[in-house]
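S.K.: turn this into a structure:
(one chain, ligands or ions: 1)
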Amino acid sequence: ASRASSIPTHDDVDGAAPIAVTERTMIDVNPPRGTRDFLPEDMRLRNWLFQQFREVSRLLSFEEVDFPVLESEALYIRKAGEEITQQLYNFEDKGGRRVVLRPEITPSLARLVIKQGKSVSLPLKWFTIGQCWRYERMTRGRRREHYQWNMDIIGVSRVRAEAELIHALVILFERLGITSADVGIRISSRKVLQAVLQTYSIPEHLFTEVFVIVDKLGKISREEIEKELVSVGVSLDAVKGLVEVLSFKSLTRLEDVLGPNAEAVADLKQLFSLAENYGYSQWIQFDASVVRGLAYYTGIVFEAFDKEGILRAICGGGRYDRLLSTFGTDDIPACGFGFGDAVIVELLKEKGLVPDLIRQVDDIVFPLDAELEGPASKIVASLRQKGRSVDLVEDKRLKWVFKHAERVNAGRLILVGNSEWQRGMVRVKILSTREENEIRIDELD
Ligand SMILES: OCc1cccc(Br)n1
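M.R.: Numbers count the residues shown, from 1 in each chain. Got it, this is the predicted structure:
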């Protein structure tokens with residue numbers, strides 16, 4: 001049967017069944033909208049990046065944990081109007097349960113900490129790398145999934161925890177070849193805006209919504225933001241006061257306005273002082289406009305950004321001291337960050353820092369004719385037993401095999417020929433030196 005002239009994609013026929021273009025119905029070979037396939041070359045880059053995440057987590061003595069991608073919808077029902085909760089990839093399973101493909105990791109981590117209860121001793125330093133989902137109307141054609149590296153410290157109430165997390169970010173960037181000229185980390189605290197809202201006697205239950213609105217700074221117009229703030233009940237003069245403080249980039253200026261005893265000022269000063277000792281001051285800057293868009297942050301918040309201002313935030317995080325108690329346990333202080341796999345790769349491409357990750361094979365074994373397939377298998381088994389990666393090639397012309405050996409950067413090409421086999425030998429070609437000789441089979445290692 002003739003092959004389909006063109007395989008319909010989701011874009012052409014979203015929602016409709018693919019059009020049968022031959023006597024067989026062609027499936028759409030594209031992955032679902034907003035999702036990605038990873039070919040070997042993509043997978044080498046992803047594995048390399050995740051290996052960096054893992055190595056940094058090891059350096060900070062974090063332990064790896066994992067959670068299901070599928071979670072109860074109840075974990076994410078929050079009323080602050082966050083984008084993340086308005087784009088839940090949610091559905092009802094066959095048992096009538098309301099479930100989601102998780103949009104973030106932190107609630108799962110909080111759930112597990114509570115589940116463990118007294119059986120875990122604090123502080124916990126846990127990390128994971130996991131796929132997260134959102135169901136966004138594809139009007140903007142954005143991705144619906146990404147992988148996020150999360151690091152969280154549970155049970156440390158002082159800003160030492162945030163300083164450790166920021167150290168992890170700095171180490172990661174340096175390992176990738178990124179410098180503080182390329183990337184900065186903006187730091188502030190939710191306590192800054194809390195202090196301002198309190199001076200205008202804005203009721204506390206509005207704080208979270210205010211943070212979520214203010215986080216849209218830079219994404220929607222200032223007028224839009226002021227309108228939304230007024231619409232949730234923030235007085236106009238409070239809006240003016242907020243907007244003014246949000247422009248602060250100096251801690252001294254902040255201290256002038258909030259006073260020397262403000263908790264926000266003490267936390268930030270302590271964090272910047274620790275940064276000096278870690279030696280990463282040149283990476284961080286105070287910027288009061290940083291609030292981050294997640295409702296549950298209660299203190300220090302931070303985000304890494306590219307200094308050319310082209311890309312979206314590279315990663316973000318903060319302190320969330322109340323999240324565990326909202327899940328029904330007593331207050332356990334916590335802070336963490338999420339680091340997506342997409343923006344960082346865009347940045348590496350921008351900076352020419354994507355490593356050249358070649359495919360590599362130790363040995364290619366090629367029987368020169370059919371009755372040598374058995375002997376070739378013996379050789380392959382013995383080499384793999386010794387830990388060598390072996391590509392067994394058959395049904396190909398020798399010319400193709402030589403090209404293939406180059407393509408996969410093979411260390412050796414082992415040709416199993418009749419006359420050699422009779423003498424207990426094989427022909428071995430070392431690709432790097434082009435040197436070729438006969439080796440006794442029992443001396444192959
Ligand atoms: O960072 C927000 C987010 C959450 C889930 C999936 C994707 Br893509 N992005």
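
S.K.: mind listing what the closest residue to the ligand within the stretch 251-400 of the chain touches?
M.R.: Nearest residue of the stretch 251-400 of the chain to the ligand (Cβ to the nearest ligand atom) works out as Gly340 at 5.9 Å. The C-beta positions use only the backbone N, C-alpha and C, and glycine is treated the same way. Neighbour list for Gly340: 146-148, 314-315 [criterion: Cβ atoms under 8 Å, 6 or more residues apart in numbering].

S.K.: cutoff 10 Å now
M.R.: 132, 143, 146-149, 312-316 (Cβ atoms under 10 Å, 6 or more residues apart in numbering).

S.K.: I'd like to know which of these are buried.
M.R.: Neighbour-count burial (16 or more other Cβ atoms under 10 Å) is assigned, among the contacts of Gly340, to 132, 146-149, 313-316.

S.K.: re the thing from before, in strands only, show me the contacts of Gly340.
M.R.: Among the contacts of Gly340, DSSP state E puts 132, 146-149, 315-316 in strands.

S.K.: how about the residues of the stretch 301-445 of the chain by the ligand?
M.R.: Applying Cβ under 6 Å from any ligand atom, one finds that the stretch 301-445 of the chain approaches the ligand through Gly340.

S.K.: elements contacting the biggest helix by length in the chain?
M.R.: Across the chain, the longest stretch assigned as helix under DSSP state H is helix 40-59. Applying 3 or more Cβ pairs under 10 Å, 6 or more residues apart in numbering; DSSP states H and E, we find helix 40-59 packed against strand 63-64, strand 124-133, strand 145-154, helix 160-176, strand 334-340, helix 343-350.

S.K.: so of these, which one's packed in deepest?
M.R.: Of all those, strand 334-340 has the most neighbours on average by mean count of other Cβ atoms under 10 Å, namely a mean of 24.

S.K.: that one pairs with which strands?
M.R.: Here strand 334-340 has these sheet partners by DSSP bridges: strand 145-154 (antiparallel), strand 315-319 (antiparallel).

S.K.: strands of the stretch 251-400 of the chain, residue ranges please.
M.R.: For the stretch 251-400 of the chain, applying DSSP state E, counting those that start in this stretch gives strands covering 284-286, 300-306, 315-319, 334-340, 361-367, 390-392.

S.K.: distance to Asn277 and mean pLDDT added to those strands, as TSV?
M.R.: Formatted as TSV, the strands of the stretch 251-400 of the chain follow (distance: least, Cβ to Cβ, whole Å; pLDDT from 0 to 100):
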stretch	distance to Asn277	mean pLDDT
strand 284-286	13	98
strand 300-306	17	98
strand 315-319	20	98
strand 334-340	19	98
strand 361-367	46	98
strand 390-392	51	98
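
S.K.: any idea which of those strands gets closest to Glu174?
M.R.: strand 300-306 (12.5 Å; Cβ to Cβ).

S.K.: so what strands line up beside that closest one?
M.R.: Sheet pairing of strand 300-306 (DSSP bridges) gives strand 183-189 (antiparallel), strand 315-319 (antiparallel).

S.K.: okay, the angle between that strand and helix 343-350?
M.R.: Counting by axes from the mean of the first three to the mean of the last three Cα atoms, to 10 degrees, strand 300-306 lies at 30 degrees to helix 343-350.

S.K.: tilt between strand 300-306 and helix 160-176?
M.R.: Using the same axes, to 10 degrees: strand 300-306 against helix 160-176 is 10 degrees.

S.K.: centre of the chain to strand 300-306, how far?
M.R.: What separates the centre of strand 300-306 from the centre of its chain is 15 Å, taken as Cα atoms, centre = their mean, to the nearest Å.

S.K.: same question, stretch 410-419
M.R.: Centroid separation for stretch 410-419 versus its chain: 43 Å, with Cα atoms, centre = their mean.

S.K.: ok, now stretch 98-115?
M.R.: 16 Å.

S.K.: please apply the same query to stretch 415-429.
M.R.: 49 Å.

S.K.: do the same with stretch 274-284
M.R.: 24 Å.

S.K.: mind listing what's buried in that stretch?
M.R.: Residues 274-275, 280, 283-284 are the ones in stretch 274-284 that count as buried (16+ other Cβ under 10 Å).

S.K.: now the terminal residues of it, how far apart.
M.R.: Terminal residues of stretch 274-284 lie 12 Å apart, using Cα to Cα, to the nearest Å.

S.K.: give me the contacts around that stretch.
M.R.: Against stretch 274-284 from outside (Cβ under 10 Å, 6+ apart): 158-160, 162-164, 166-167, 169-171, 173-174, 178-181, 183-187, 271-273, 302, 304.
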